[in-house]
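A.B. asks: Below is the sequence, then the predicted model.
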Number of protein chains: 2
Amino acid sequence: MKMGVLGSGMVAQAISARLAELGHDIVIGTDDIEKLKGWQSSNQRVRIGSFAETAAHGEIVFNATDGAASLQALAMAGPENLTGKILVDVSNPLDFSNGFPPSLFVCGTDSLAEQIQRALPYTKVVKTLNTVTARIMVYPQEVAGGDHHIFISANDADAKAQVTDLLRAFGWLNIFDLGDLSTARGTEAYMLLWVRLFGAMNTGMINVKIMK
Amino acid sequence: MKMGVLGSGMVAQAISARLAELGHDIVIGTDDIEKLKGWQSSNQRVRIGSFAETAAHGEIVFNATDGAASLQALAMAGPENLTGKILVDVSNPLDFSNGFPPSLFVCGTDSLAEQIQRALPYTKVVKTLNTVTARIMVYPQEVAGGDHHIFISANDADAKAQVTDLLRAFGWLNIFDLGDLSTARGTEAYMLLWVRLFGAMNTGMINVKIMK
């Protein structure tokens, strides 16, 4: 399938490479093509495009931009290029203005996912993967053999089902349907615990398993 | 040991009853004694006191009051009655002003635990147990046989060790030392995910296990 990945950082690179490995036709989108030239030399199945070219290319598009820049990046991508499509939002509203650990620039009463949905009313926003580090997003079996959970939040049931299939293709065994897009308030806020787990364990190769 | 439990709700009742069951000498503190009379008739080992009497009684004191009222309750308890003591803070900064699910009245850049520590500079505040429902706090084996984690945050190493012993007495097998009291920002924010897990699973008898 034709997919676009907006972003140029570790998360965008990991998702792009994995989707290409799974046989998809991938464009990775950036506002600074030079940044990705080195990475692309060892990932030649992935093409580089502008934000708008990437959004236009994808039948499904990932938002893997820095959360603080996501709304601006999506405006540059062009809402018209995302109309009727699924946008998989993996970003987090992290505020690093006071260094590490970050706080959140939106917390509890709203979420970045909902802000994006309001900015793109004709796009089906699906929030997922934002609770784990880039490597685990696409190779979940590398933590505890995959015995842990990823969350998914979306308003559109069909979009949620399609993204669930993609997650299974990545290797996810336990996909937890939290509900509508407002439940992204929960997974985004969880990052404040995640950064403390990271601090205590000195590794990002961690995740949670829901026990009952 | 003499302990005090500030609060009159489900959490305060569960902790008080469990501590009494473990042989401790417990006073439960409330600003409305009538509220606890019915409960106490089947929990006669626990005495009822004012906030101040409860704080004065305990060598270790629990804050199990409603988070939105905690600072006021602790002011009524009297900082002088808590000087040099351990305060186990199990509260959460939940804001129900817009109904359920709640948001948080402090998020990311501060925590209720730190607010309490600043209000009680001569007390050793230890944050724990706030990430699970009352029943699991004191009978952790009732979820997945105890195969899940509780977090602990504190600035004072000795206080943290003493509370860790108490958690083991409750039955906790996996106690995750997150670090200093500022790490309570993480566990308090996790409540925004917890309420969504609760919503999706229709039970509070859940918890997370950290996988690596």
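C.D. replies: The structure has been received and is ready for your questions.
A.B. asks: Could you tell me the model confidence score at the residue nearest the centre of chain A?
C.D. replies: Central residue check for chain A by Cα atoms, centre = their mean: the C-alpha nearest the mean position is that of A:Val90, 1.9 Å away. pLDDT, the model's per-residue confidence, is 98 for A:Val90.
A.B. asks: Which residues are in contact with it?
C.D. replies: For A:Val90, the contacting residues are A:Val11, A:Ile15, A:Phe62, A:Asn63, A:Ala64, A:Lys127, A:Thr128, A:Leu129, A:Asn130, A:Met137, by Cβ atoms under 8 Å, 6 or more residues apart in numbering or on different chains. Just so you know, the C-beta spots here come from the backbone N, C-alpha and C atoms, and that holds for glycine as well.
A.B. asks: Please identify the buried residues of the lowest-mean-pLDDT helix or strand in chain A?
C.D. replies: In chain A, no helix or strand scores lower on mean pLDDT, DSSP states H and E than helix A:33-40, which sits at a mean of 91. Under the neighbour-count criterion of 16 or more other Cβ atoms under 10 Å in any protein chain shown, helix A:33-40 has A:Leu36, A:Trp39, A:Gln40 buried.
A.B. asks: residue contacts, the last one?
C.D. replies: By Cβ under 8 Å, 6+ apart, the contact set of A:Gln40 is A:Ile28, A:Val46, A:Ile48.
A.B. asks: can you rerun that using 6 Å?
C.D. replies: A:Ile48 (Cβ atoms under 6 Å, 6 or more residues apart in numbering or on different chains).
A.B. asks: CSV for the contacts of A:Val90, including pLDDT?
C.D. replies: Output for those, formatted as CSV (pLDDT from 0 to 100):
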residue, pLDDT
A:Val11, 98
A:Ile15, 98
A:Phe62, 99
A:Asn63, 98
A:Ala64, 98
A:Lys127, 99
A:Thr128, 99
A:Leu129, 99
A:Asn130, 98
A:Met137, 98
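A.B. asks: A:Ala55 is in what secondary structure piece?
C.D. replies: Per DSSP states H and E: A:Ala55 is located in helix A:51-57.
A.B. asks: neighbouring contacts of that helix?
C.D. replies: Contacts for helix A:51-57 (Cβ under 6 Å, 6+ apart): A:Lys2, A:Gly4, A:Leu6, A:Val27, A:Gly29, A:Val61, A:Ala73, A:Met76, A:Ala77, A:Gly78, A:Asn81, A:Leu82.
A.B. asks: Stretch A:67-77 now?
C.D. replies: Applying Cβ under 6 Å, 6+ apart, the contact partners of stretch A:67-77 are A:Leu6, A:Phe51, A:Ala52, A:Ala55, A:Asn63, A:Thr65, A:Ser91, A:Asn92, A:Pro93, A:Leu94, A:Leu112, A:Ala119.
A.B. asks: let's see it at 7 Å
C.D. replies: A:6, A:29, A:31, A:51-52, A:54-55, A:63, A:65, A:91-94, A:105, A:112, A:115-116, A:119-120 (Cβ atoms under 7 Å, 6 or more residues apart in numbering or on different chains).
A.B. asks: List buried residues within the residues you listed.
C.D. replies: Here, 16+ other Cβ under 10 Å leaves A:6, A:29, A:51, A:54-55, A:63, A:65, A:91-94, A:105, A:112, A:115-116, A:120 buried among the contacts of stretch A:67-77.
A.B. asks: partners of A:Gly179 in the sheet?
C.D. replies: Under the criterion DSSP bridges, A:Gly179 forms beta bridges with A:Ser153.
A.B. asks: That one contacts A:Phe151, doesn't it?
C.D. replies: No. Using Cβ atoms under 7 Å, A:Gly179 is not in contact with A:Phe151, being 9.8 Å away.
A.B. asks: Name the residue in these two with the higher neighbour count.
C.D. replies: For A:Gly179 versus A:Phe151, the count of surrounding residues by other Cβ atoms under 10 Å in any protein chain shown is larger for A:Phe151: 27 against 17.
A.B. asks: Let's verify the more buried one: helix, strand, or coil?
C.D. replies: Here A:Phe151 is recorded as strand under DSSP: H, G, I helix; E, B strand; the rest coil.
A.B. asks: where along chain A do the helices fall?
C.D. replies: Per DSSP state H, chain A carries helices over the ranges A:10-21, A:33-40, A:51-57, A:70-77, A:112-119, A:134-138, A:157-170, A:184-201.
A.B. asks: out of these, deepest packed?
C.D. replies: helix A:184-201 (a mean of 24; mean count of other Cβ atoms under 10 Å in any protein chain shown).
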